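**Q** Structure of the sequence below:
(chains A and B, ligands or ions: 3)
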Amino acid sequence: MSLEVAVAAALFVGVIAYAVLGGADFGSGFFDLTAGSSRRGAELRTLVDHSIGPVWEANHVWLIYVLVIWWTAFPESFAAAMTTLVLPLLLALLGIVLRGASFAFRKFSETLEQARLFGVVFAASSIITPFFFGTIAGAIASGRVPLDGSGDRWSSWLNPTSLFGGVIAVGTCAFLAGTFLVADARRGGHDRLAEELRTRALVVGAVTGAVVFAALWPIHEDASTLSDGLAGRAAPLVVASALAGAATLGLLWTRRYDVARLTAVAAVAAVVSGWGVGQYPWLLVDEVTIHDAAGATATLQGLLVAVGLAAVVVVPPLVYLLRLTQSEEWSRH
Amino acid sequence: MTPDVVADVLAQLAASTEPEGLMPARQQMALSLGWHIVIACFGVAFPAMIFVMHLRGIRRDDPVALGLAQRWAKASAVLFAIGAVSGTVLSFEMGVLWPGLMGKYGDVLGLPFAFEGLAFFLEAIFLGIYLYGWGRMPPKRHVLMVLPMAAMGIFGAYCVLAVNAWMNVPTGFRLVDGEVTDVQPWQVLFNQHALLQFAHMWLAAYMVTGFAVAGVYAVGMLRGRRDEHHRIGFLVPFVFASVAAVCQPFMGHVLGLGLDERQPSKLAAFELALEEESPAPLRLGGVLVDGEVRGAIDIPAIGSLIAMNSFDDPVPGLDAIPEEDRPPVNIAHWAFQTMVGIGTLLMVAVLWFWYQRRRGRDLLEKRWFLRGAAVAGPLAAVAMEAGWIATEVGRQPWIVYGVMRTEDAAGSYSGLWWLLGATVVVYTAMTWGAVVVLRSMARRWRAGAVDLPSPYAPEVVAGTSGDER
Ligand code: HDD
Ligand code: HEM
Ligand code: HEM
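**A** Ligands and ions are numbered 1, 2, ... in the order given. Take a look at the predicted model:
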């Protein structure tokens, strides 16, 4: 593997991690928003709060990781994407700001009115943010981001691939969150809630799966490079994702939630990797390859050092945190 | 920001031939960074204070200290959340506002940011563990979870400051026919100016946080709440702030040494020096109007001493700098003097306090002192903002000193003013939200609440007291 590809792979690991971990956080906004009236939804909202409270900031840093590696390793393509896709990026950013702030505010609200206000902002922005990130992925994957940054500010992200990308992103986030929340609810002893969430996670999963397959046709028409990749090199990943998704539905159905979490993660990780492998060797599809976009060699080496260091010093505490939050002791309060 | 900034902006706007994206981008950058940096101070300095308080609670089995540590931890949960999102805004802005800079120099200045990201990871992870670990972990292990947070806040700040220092004193690459070659990213991460800038900022963070937190308890004492809770709630952060406030002017002085060679135009603007003088006076106040200094008070020779560490070394003048390379002089001068003035004032004030205390007089009994302590936090924040405005505006018209002009870094957008307008609205709302929530937390604590249960239902649903404690 060449140096550039190694760095691109490290970058893409960040994308996958953000999609899975950040995605589950975003998706819980969907369940929060649709939890019903204050009285009915209180239990679920408390659960959401409790599940993502300790982890959302750490999960959010994956986004920073992706941005930083991108602009350091592939500076020109970063500037190009930021210029062409400025609108969806800013909208996603708005969502991030509103969501993070209002999540923290809601937790310490004094009155129900305040909690409601911050809660709606939190939940709604949790849904729009992945949508815009999805459109960005679609724009890059369908070759609409030229290297000189001159892409159309609107049609670059308002097109079939992008819109499906957005919807798929929202759906996968909700699906992931659903499987995690079900497991959390049962571990916390909220059996009635777990049953309710199970039904909703099943519906979300089925709908999302259907959308993913429905999207294959428009992507074929609209983004031929990606679609060739998906049918070719990335085909095993697409199949794996379909299988893992179906398995998750089966496991949810049979109430084996702990395993369902793993297969759900696998399904999402496989879809996202499918996109990455599908568009390889392009960084910005049809515009610039990973190789040609790369910055200075010394910087790429430095980045690999940083990534290696991160693997050593960040992963163990991260695992520790995730295990704590999934432990009996932390669920029972 | 300040009125003269606004006036200056309007004047420049009227006369500008600059790219459309430049002026709104600058204002956007100044607003979002100026906001982030205040919260970031808490990220840098608060963990250390929480650690000391928490440790005291465990060691002495002191419920007051433990209670304070726990409250501070909860308050910091709110602050860190808005710190993280406002930092994310900055990461986007680097690309959105300055595509010219990032496209050309992204691989030069990027490595420190990568390490900064690493630091934020650890900070966020241990924040999660610490906040939610109350009562769920052995106390001795729990308190240690603050230490990585404290260390990483510091390391992260160093990394960003390395980038800023690089913008002031660029190294680690060569320009050959306009192309960037020979990139040495490690040299950027460890550039010679970074450590000094970092040290100055680090102290600033301790001042802002320490005085602000102490100020909260000073207000409490003014309202007659004079218990142990308020006493140590005041003293612990005040000790941190005091040490920082005493060191800061020296640190600032050291940071300024050599500025005549690094950025003569900046020094000339700071000192409002129209021409080279030897020895140079210290020029207090004054504005530059039509090429003349009006209303300044000159104190002979001290300028050379302060800026150059010598009685007769000359301070460079603006006349040596081509017209098009001069920064907005008045803004830089006033910002600089505001910072130095406040810094000197705070240093004298804390020295006075500790001197009186040694003599057995407790100024905490004096209402005038408590009033002063209550405004010290905002004053320190003003000093810090002023310092940043001085450095950043003083570096103009360069984004990377001597290498890239700010106008070449900006994008060619239209519509950035809308973005600025939206940002003002969102940041105002976020500030409002934080103030409302933090004040209501304080109110409930005063009323005796310990847990702050999540208010999601009209009444607490049985069996789901899901708040962490
Ligand atoms: C609480 C905040 C605070 C206080 C009290 C001071 N400063 Fe400061 N100063 C900063 C906060 C700050 C800052 C905001 O943190 C800056 C901006 C960039 C930097 O690294 O530090 C800064 C920059 C800065 C610079 C610009 C360096 C450059 O652009 O190369 C100089 C020369 C000084 N300071 C000098 C001083 C002196 C002589 C002080 C004496 C009282 C002082 N500062 C107090
Ligand atoms: C002197 C300047 C700065 C200092 C001292 C500083 C410090 C900090 C600190 C301590 C945090 C942790 C969050 C918190 O605890 O509140 C933070 C967050 C952040 N900062 Fe800054 N920062 C500075 C400038 C910048 C700049 C210029 C950028 C980017 C261009 C930036 C990007 C970020 C990001 C992305 C985060 C969020 C990380 C997360 O998700 O937790 N910061 N900053
Ligand atoms: C280490 C952190 C920082 C970095 C990397 C950074 C970077 C930048 C960049 C890229 C610009 C735009 C280009 C330019 O005008 O030269 C800028 C401008 C500016 N920044 Fe900073 N900045 C940092 C910290 C801060 C802080 C904390 C403040 C707080 C007030 C600040 C205030 C400003 C202002 C006022 C401008 C506009 C200057 C002008 O164009 O007249 N900066 N900064």
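**Q** from here on, contacts and neighbour counts on C-alpha atoms
**A** Will do.
**Q** Might you enumerate the residues of chain B proximal to ligand 2?
**A** Within chain B, the residues that sit near ligand 2 (C-alpha under 6 Å from any ligand atom) are B:37, B:39-40, B:43-44, B:80, B:83-84, B:87-88, B:90-91, B:94, B:120, B:124, B:153, B:157, B:160-161.
**Q** What helix or strand is the closest residue to residue A:287 other than its chain neighbours located in?
**A** Spatial nearest neighbour of residue A:287, chain neighbours left out: residue A:146 (5.8 Å); criterion: C-alpha to C-alpha, 6 or more residues apart in numbering or on different chains. Assigned by DSSP states H and E, residue A:146 belongs to no helix or strand.
**Q** residues touching the spatially closest residue to residue A:21 that is not a sequence neighbour, list them.
**A** Counting by C-alpha to C-alpha, 6+ apart, residue A:21 lies nearest to residue A:59, which is 5.7 Å off, once chain neighbours are set aside. Listed by C-alpha atoms under 8 Å, 6 or more residues apart in numbering or on different chains, the contact set of residue A:59 reads A:18, A:21-22.
**Q** thinking again about what came up before, ok, the residue nearest to residue A:287 to residue A:291 distance?
**A** 16 Å (C-alpha to C-alpha, to the nearest Å).
**Q** Looking at these two, which one has more neighbours?
**A** residue A:146 (21 against 16; other C-alpha atoms under 10 Å in any protein chain shown).
**Q** Surely the more buried one is in contact with residue A:80?
**A** Yes. Between residue A:146 and residue A:80 there is a contact at 6.8 Å, judged by C-alpha atoms under 8 Å.
**Q** Next, residue B:226: secondary structure please.
**A** At residue B:226 the chain is in coil, as set by DSSP: H, G, I helix; E, B strand; the rest coil.
**Q** Around it, how many other residues sit close by?
**A** 15.
**Q** Local confidence estimate at the spatially closest residue to residue B:116 that is not a sequence neighbour?
**A** Of all residues not flanking residue B:116 in the chain, residue B:156 sits nearest, at 4.6 Å (C-alpha to C-alpha, 6+ apart). Note on residue B:156: pLDDT of 91.
**Q** For residue B:156, identify the helix or strand it belongs to.
**A** helix B:146-168.
**Q** For that helix, which helices and strands make contact with it?
**A** Helices and strands touching helix B:146-168, by 3 or more C-alpha pairs under 8 Å, 6 or more residues apart in numbering or on different chains; DSSP states H and E, are helix B:22-59, helix B:99-132, helix B:185-189, helix B:194-222, strand B:398-400.
**Q** run the last query once more with 6 Å
**A** Under the contact criterion of 3 or more C-alpha pairs under 6 Å, 6 or more residues apart in numbering or on different chains; DSSP states H and E, helix B:146-168 touches helix B:22-59, helix B:99-132, helix B:194-222.
**Q** most tightly surrounded among those?
**A** Ranked by mean neighbour count, the helices and strands packed on helix B:146-168 are led by helix B:99-132 with a mean of 26 (mean count of other C-alpha atoms under 10 Å in any protein chain shown).
**Q** list the helices and strands that one packs on?
**A** helix A:56-73, helix A:75-84, helix B:146-168.
**Q** what separates that helix from the chain centre, distance-wise?
**A** Chain-centre distance of helix B:99-132: 17 Å, with C-alpha atoms, centre = their mean, to the nearest Å.
**Q** Next, the angle helix A:75-84 makes with that helix.
**A** Per axes from the mean of the first three to the mean of the last three C-alpha atoms, to 10 degrees, the angle that helix B:99-132 makes with helix A:75-84 is 90 degrees.
**Q** and the stretch 1-150 of chain B, which residues reach chain A?
**A** B:78, B:81-82, B:85, B:95-96, B:99, B:103, B:106-107, B:110, B:114, B:117, B:121, B:124-125, B:128 (C-alpha under 6 Å from any C-alpha of the partner chain).
**Q** Up against chain B, what does the stretch 1-150 of chain A have?
**A** So far as C-alpha under 6 Å from any C-alpha goes, the stretch 1-150 of chain A lies against chain B at A:38-39, A:42, A:46, A:54, A:57-58, A:61, A:65, A:68, A:71-73, A:75-76, A:79, A:82, A:97, A:101, A:104, A:107, A:109, A:112.
**Q** Now do the contacts for the closest residue to residue B:187 other than its chain neighbours.
**A** Excluding the flanking residues, the one nearest residue B:187 by C-alpha to C-alpha, 6+ apart is residue B:172, at 5.3 Å. Residues near residue B:172 by C-alpha atoms under 6 Å, 6 or more residues apart in numbering or on different chains: B:183-184, B:187-188.
**Q** which residue sits closest to the residue in chain A that ligand 2 sits nearest to, ignoring its sequence neighbours?
**A** Nearest residue of chain A to ligand 2 (C-alpha to the nearest ligand atom) works out as residue A:61 at 4.4 Å. Among residues not flanking residue A:61 along the chain, residue B:121 sits closest, at 5.9 Å (C-alpha to C-alpha, 6+ apart).
**Q** For the one you found, give me the pLDDT.
**A** 87.
**Q** ok and the residue in chain A nearest ligand 1?
**A** residue A:68 (22.0 Å).
**Q** distance of that residue from residue B:82?
**A** Using C-alpha to C-alpha, residue A:68 is found at 20 Å from residue B:82.
**Q** With residue A:134 instead?
**A** Taking C-alpha to C-alpha, one finds residue A:134 at 24 Å from residue B:82.
**Q** What count of nearby residues applies to residue A:169?
**A** Residue A:169 has 30 nearby residues by other C-alpha under 10 Å.
**Q** of all the helices and strands packed on helix B:99-132, which gets the most neighbours per residue?
**A** helix A:75-84 (a mean of 27).
**Q** now that one against helix A:56-73, angle please.
**A** Going by the same axes, to 10 degrees, helix A:75-84 makes 120 degrees with helix A:56-73.
**Q** Helix A:75-84 near ligand 3 at all?
**A** No. Helix A:75-84 lies out of reach of ligand 3 by C-alpha under 6 Å from any ligand atom, never closer than 13.7 Å.
**Q** Does anything pack onto that helix? Which helices or strands?
**A** helix B:63-97, helix B:99-132.
**Q** Any chance of these in CSV with distance to residue B:442 as columns?
**A** What follows is the helices and strands packed on helix A:75-84, written out as CSV (distance: least, C-alpha to C-alpha, whole Å):
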stretch, distance to residue B:442
helix B:63-97, 9
helix B:99-132, 18
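**Q** Rebuild those helices as JSON lines, extending it with distance to ligand 3.
**A** What follows is those, written out as JSON lines (distance: least, C-alpha to the nearest ligand atom, whole Å):
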{"stretch": "helix B:63-97", "distance to ligand 3": "7"}
{"stretch": "helix B:99-132", "distance to ligand 3": "8"}
